[in-house]
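Participant: quick check, what structure comes out for this input:
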Amino acid sequence: MVRTVATNPDLIKSMSRDLRILQNHIENDQINPIVSTVIRLAVDGMYFNQLYGMNLKEDAREQVLTYLLSLTKEEEK
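Facilitator: Numbers count the residues shown, from 1 in each chain. As a prediction, this is how the structure comes out:
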């Protein structure tokens, strides 16, 4: 992945644009923007862990996702 990004600067521009759009939606959602950003970063980390073959055990993955979802219900702007 790093090689692809390093050799294709347009890919980085596209990914950056998409992440900025996503972050804008997150910051304008119905919950605290800091909490929603922390959740996004946690999910990003889970994605990259999986991408690099460092998968969480299924039960741990489900527990983490359940916890992150619970944060969305506890926080409001």
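Participant: least trustworthy helix or strand in this structure by mean pLDDT?
Facilitator: Between all helices and strands in the chain, the lowest mean by mean pLDDT, DSSP states H and E belongs to helix 2-7, at a mean of 72.
Participant: next helix or strand past it?
Facilitator: Remark: after helix 2-7, the chain's next helix or strand is helix 9-27, criterion DSSP states H and E.
Participant: packing partners for that following helix?
Facilitator: Other helices and strands packing on helix 9-27, by 3 or more CB pairs under 8 Å, 6 or more residues apart in numbering; DSSP states H and E, are helix 2-7, helix 33-51. Where C-beta positions appear, they are placed from N, C-alpha and C, glycine not excepted.
Participant: one more pass at 6 Å, please.
Facilitator: Applying 3 or more CB pairs under 6 Å, 6 or more residues apart in numbering; DSSP states H and E, one finds that helix 9-27 contacts helix 33-51.
Participant: next, the angle helix 9-27 makes with the helix it packs on.
Facilitator: The directions of helix 33-51 and helix 9-27 differ by 140 degrees, with axes from the mean of the first three to the mean of the last three CA atoms, to 10 degrees as the criterion.
Participant: off-centre distance for helix 33-51?
Facilitator: Its chain's C-alpha centre and that of helix 33-51 lie 3 Å apart, by CA atoms, centre = their mean, to the nearest Å.
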